[in-house]
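Trainee: coordinates for the following, if possible.
(2 chains)
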Amino acid sequence: MRHAARSPRTSRLDGLSQNLVILTWGTLASSHRVSAEMSNAKERKHAKKMRNQPTNVTLSSGFVADRGVKHRNGGGKPFQAQKEPHSGTSRQRQTRTAHHALAESDANEQSSSRVTFKKKGGWKAGPEGTSQEIPKYITASTFAQARAAEISAMLKAVTQKSSNSLVFQTLPRHMRRRAMSHNVKRLPRRLREIAQKEAEKAVHQKKEHSKNKCHKARRCHINRMLEFNRRQRKNIWLETHIWHAKRFHMVKMWGYCLGERPTVKSHRACYRAMTSRCLLQDLSYYCCLELKGKEEEILRALSPMCSGDTGLTFAAVHYLSGKCQGSLLLYRANKYPRETLGPVTFIWKSERTPGDTSESRQLWIWLHPTLKQDILEEIKAVCQCVEPTGSAVCIPDPLLTPSQEKSQTELPEEKIGRKRKRKDDRENAKPVKKIVGDGTRDPLQPYSWISPATGIIISDLTMEMNRFRLIGPLSHSILTEALKAASVHTEGEDAEKTPHRWWAEACKNPDSVSLHHRQEAVFELLGGVTSPAEVAAGTVLGLTVGDPRINLPQKRSKTLPNPEKCQDNEKVTQLLLEGVPVECSHSFLWNQDICKSVTENKISDQDLNRMRSELLVPGSQLVLGPHESRVPILLIQQPGKVTGGDQRGWGSGWDVLLPKGWGMAFWIPFIYRGARVGGLKEAVMHSQYKRSPNVPGDFPDCPAGILFAEEQAKNLLEKYKRRPPAKRPNYVKLGTLAPFCCPWEQLTRDWESRVQAREESSAASSPGGGEMGPTGDVVPGALMPGRTRQLSGEAGTSLNDAEVMDTDCPARAGPEWATSRGATSSLFCVLRSRKLLRQLSAWCGDRRVARLGPGRGQQELSREVCLSVLDCFPRALVWVRLSLLRKGSPEPHTMICIPAKEDLLQLSCDRLYRGPQESKHCDPFKSKIRKQKEKEKTEKRQNRGSATSESLADGDPAAGPHALTLGLWSGPLPAVTSHCSRVLLGFVTRGDFSMAVGCGEALGFVSLTGLLDMLSSQPGGQRGLVLLRPPASLQYRFARVTVEV
Amino acid sequence: MNEQELGLGRCGSFRVHNMAENREPRGAVETELDPVEYTLRKRLPHRLPRRPNDIYVNMKTDFKAQLTRCQKLLDGGARGQNACTEIYIHGLGLAINRAINIALQLQAGSFGSLQVAANTSTVELVDELEPETDTREPLTRIRNNSAIHIRVFRVTPK
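Mentor: Numbering: from 1, shown residues only, chains lettered A, B, ... in the order given. Predicted structure coming up:
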């Protein structure tokens, strides 16, 4: 009743923008101002809310409603009413005069200010509404009509859903049916229309499938295979890819699709698996290079690439015999200690193999895919291998040969078994074959090279073998449970019938049979050894095993070590003492032809399962006799933690090398015996707790490491920029010059000039001259080409882009890549001479080594010794381990600093002393950025006013943030060592809370010059104490440096 | 009882075994070998699969923690479920003292309900001598160390 009697007000709903325009008398001026400030987002929100409201319903906005006595437009045609507010419907006639005036003012207001504001709140009439007088009379017809309109609006609102949910989601649970979301007919009839609309909308939003095939057709084996083959053409898939893709976060890295980390929460579980059970990793992405030729030739060619200083080389006696796997660092020929190429592991094929009389030796070099390009080029250069071998063009290509052969053998079978429909397709199309091995290989590109001068043949065996790594003490029992040595082919069996002729032939030779039995005996003995760390490091054991799928357990179970096996004490002791006999390291895996035949003659899972289902007694052991596949494998012990005093042997395990095609056949049996699977993240964790540098992140001096650092810096910068400036640390204020990368180059240079300056000043006998060290720092910015790239990645964007493309396909990166790296190759090096490292380790206060010290020809830390070391390595970095004394867990890019005298003093007084704090720095860039922003703003305004071309306006903001980012140091870095109150020594590359030690632990590099400087100035008891400060913190924390050899 | 088999048949093993260093006849090693050419690496002692009631004592973990661990094994859960009637405490080399200490502490705190029976043994440890130069073969040698295996068991009052 009240409504009709209210004094008339005009309210209008803008039909198009759905913004409510309410005209009020007095409050216009103020409310306009308010509304002008309202953000766009609010408007949009309101529009959304109003979307499903009947148009004639007016919701009062808070501030207007105060005085508002609203006139409800009762018309049944709301849109019309909006467009022509006084179109003369009968109800409005009585209020026409007032109306008219208002409408005019309304129009004026609208045109002048173009301000719209939105209502808030609901149907509040406001407090004033109640105080209105009750009308004396009402006109029935008008009143009823108005109500009718309101009712219809209400009805409309009810039928239209307002929430974001789908129609079937609004149904009560008991009315829901299966598959409602895609089958409209499952819905009640009244909702079908709406659901239909929704479904159409959803179809538009959905990603279009590339092919119009239905789900069933897509799942069909052949189509799936085609699709899989297409998808692995760009990035190589491992054989376990599908298994991983279902359970892991996959990343495309280094030209492969790799599992990064499990989707389940399993950080700690993986650590436990490594420590006390077994962790399985697929390392098939590691690349293998094969060198074939005379031993002396290979050794002569490779010797310039490695140095005896860093440890044993290719020529070490026990490596050469093939008994052990060796590992070393490769350098560019004759460039040691500079120009590192990266770490590799290698195995020689054992000399004495039955039936092999030729002088030719085989050497496998295993390396990380990021290092492959450089190392392959360098090895080719040192071996003078330039000519691609003719046979290599077709032979090692995994795609064509097997598939063709297989298709020929399979064809008769297919003709019987397949449906006719499919056969038609198949006849013109090439039979689809699962890609085994490297799917990205270009058949025209050579994969094998021969040298006319030395006779060495280099071939690239990438993806020709699978490499699985088992880490942890249970790996022995898992291996012995899952793998059973192959049964010897007896004379009675028909040799012609078996597809595995190589095995039948090998079994004819009594020598190889006895060797096989000996290998089997050694393998069985391993079951009685409870930890892989008890076996000699790098032991190689060859073996031929039966098909592991045959004795697969019914269910996934956990293998436990068998105590009975452990009783055989003498033999085990002998094995541990003498290691695996040399001849036992022989394996047929070295023979390419046998490998190929093994891969081709693998019984498919389908056939195996069919045979299993045809067994007379279900669930009984399947006996295939001579048809069972025999797989040659190679087991390699991986030493765990070999450096340092504590936790020796942590993370040791076995690597299993398999011929390609057999990956899944071995993978599942391992998992069914209780192995847990880890991805790349677990591999990083493993190497971190082992305190060994991780490839490629912890090799800042090798090209792959530099590339990795750049990419990491870029990613971190992007992530940083995504946050609003107020919600991210201002690194300039925190005094962190390089939060995303480690400027090694500048660090080493700064230290060099620092010490030089001190030398000079001490010669001039002026104390305090040491602070003048960084004087030379203004100049070198121009000298260093690498400098710009080390800054937060902004300046070097174009360069980075080019390199990112390279990483996508490192195999095709070509020589251009190598030269670009070579041009910027760094001047600093990483100290890897074992002798020097041992000495440093003693100086750092590693008591264990120190005790041995005098007997080992160690020198006391003195100035002369330091200088002689620095002469050889003026700009060197040292790989150190830092363990925190008390609280704190360091993160990557944490700064390692030298404690000042008073810090050490305070620490000796108070053992709980946390460490000093860095005082806040000022941010000289902040004002610059503000100025820049203002400038932009004014420009923009001018641009809009003069309506200049948009390209100008667009160009400016794009360039603006590029030059300056709030919170980051821009421009060339000032002296990095003396930027903060404590002198910078180095950076942490990997750090975390270590579950192995139970406190924060970090690994990183420090400047050798700085380290020696620090050690010589610190007193004996506190020698080796440093301060750590994460990039986003002001708090320094104490840590102890150790150098582990 | 069968403590003979259970106690004596098992040899002690340690994750951290540099505690055994003091006993190593280092003088002999150094006279025979040039330290510049070989690095000494000690391998883990051979160990048997661990039963739940085996406790290997080391010198790195806090003494109190190891004691409570033993006590918990003997006491079992809140209502005494899963309580072991006997536990074996193994100590090798330097940790022999500590193993004895733990066993005696357990006995002292039990008001006479626990008894101890000790066995000693000799454990063979393998030392690996890693060559520093390419021309030398790696060597291994066996070193003996003493170990103790203490059986701590509950006596039922008769």
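Trainee: hmm, what's the outermost residue in chain A?
Mentor: When each C-alpha in chain A is compared with the mean C-alpha position (Cα atoms, centre = their mean), residue A:136 comes out farthest, at 78.3 Å.
Trainee: in chain B, what residue lies closest to chain A?
Mentor: residue B:49 (4.0 Å; Cβ to the nearest Cβ). Every C-beta, even on glycine, is put in place using the N, C-alpha and C of the backbone.
Trainee: count the neighbours of residue A:664 for me.
Mentor: 17 (other Cβ atoms under 10 Å in any protein chain shown).
Trainee: not counting whatever helix or strand it lives in itself, show me its contacts.
Mentor: When secondary structure is defined using DSSP states H and E, the element that contains residue A:664 is helix A:663-672. The list of residues contacting helix A:663-672 from outside it, by Cβ atoms under 8 Å, 6 or more residues apart in numbering or on different chains, reads A:238-240, A:243, A:280, A:282, A:284, A:466, A:468, A:470, A:478, A:482-483, A:547-549, A:551-553, A:555-557, A:602, A:605, A:631, A:656, A:658, A:677.
Trainee: may I have the phi/psi pair for residue A:620?
Mentor: Residue A:620 adopts backbone torsions of phi -80, psi 170, taken as degrees, to the nearest 10.
Trainee: for it, report the pLDDT, please.
Mentor: Here the pLDDT value assigned to residue A:620 is 79.
Trainee: surely residue B:44 and residue A:532 touch.
Mentor: No: the pair residue B:44 / residue A:532 is not scored as a contact, 9.4 Å apart, by Cβ atoms under 8 Å.
Trainee: what is in contact with these two at once?
Mentor: Applying Cβ under 8 Å, 6+ apart, one finds that residue B:44 and residue A:532 are jointly contacted by residue A:649.
Trainee: excluding covalently adjacent residues, which one is nearest to the residue of chain B closest to chain A?
Mentor: Spatially, and ignoring its direct neighbours in sequence, residue B:49 is nearest to residue A:561 (4.0 Å; Cβ to Cβ, 6 or more residues apart in numbering or on different chains).
Trainee: residues touching the one you found, list them.
Mentor: Neighbouring residues of residue A:561 by Cβ under 8 Å, 6+ apart: A:474, A:476, A:477, A:527, A:530, B:49.
Trainee: turn the residues you listed into TSV, columns for neighbour count.
Mentor: As requested, these are arranged in TSV below (neighbours: other Cβ atoms under 10 Å in any protein chain shown):
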residue	neighbour count
A:474	27
A:476	27
A:477	25
A:527	21
A:530	22
B:49	17
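Trainee: circling back to that earlier point, show the buried residues in the contacts of helix A:663-672.
Mentor: The neighbour-count test (16 or more other Cβ atoms under 10 Å in any protein chain shown) marks A:238-240, A:243, A:280, A:282, A:284, A:466, A:468, A:470, A:478, A:482-483, A:547-549, A:552, A:602, A:631, A:656, A:658, A:677 as buried among those.
Trainee: show the pLDDT at residue A:258.
Mentor: 92.
Trainee: over to it: give its phi and psi.
Mentor: The phi/psi pair for residue A:258 (degrees, to the nearest 10) reads phi -130, psi 150.
Trainee: doesn't residue A:682 make contact with it?
Mentor: No: in this structure, residue A:258 is not within contact of residue A:682 by Cβ under 8 Å, at 11.8 Å.
Trainee: spatially nearest residue to residue A:907 (excluding sequence neighbours)?
Mentor: With Cβ to Cβ, 6+ apart as the criterion, residue A:907 has its nearest non-adjacent residue at 5.0 Å, and that residue is residue A:913.
Trainee: what sits against the one you found?
Mentor: Residues touching residue A:913, when contacts are defined by Cβ under 8 Å, 6+ apart, comprise A:906, A:907, A:1038.
Trainee: so which of the residues you listed is the closest to chain B?
Mentor: The shortest separation between chain B and any of the contacts of residue A:913 is 21.2 Å, and it belongs to residue A:1038 (by Cβ to the nearest Cβ).
Trainee: dump the residue contacts of the closest one.
Mentor: When contacts are counted by Cβ under 8 Å, 6+ apart, residue A:1038 touches A:884, A:885, A:886, A:899, A:907, A:913, A:915, A:1025, A:1026, A:1027, A:1028.
Trainee: go again with 6 Å.
Mentor: Residues near residue A:1038 by Cβ atoms under 6 Å, 6 or more residues apart in numbering or on different chains: A:885, A:915, A:1025.
Trainee: ok, so of the residues you listed, who is nearest chain B?
Mentor: residue A:885 (16.9 Å).
Trainee: burial count for that closest one?
Mentor: The tally of other residues near residue A:885 (other Cβ under 10 Å) stands at 17.
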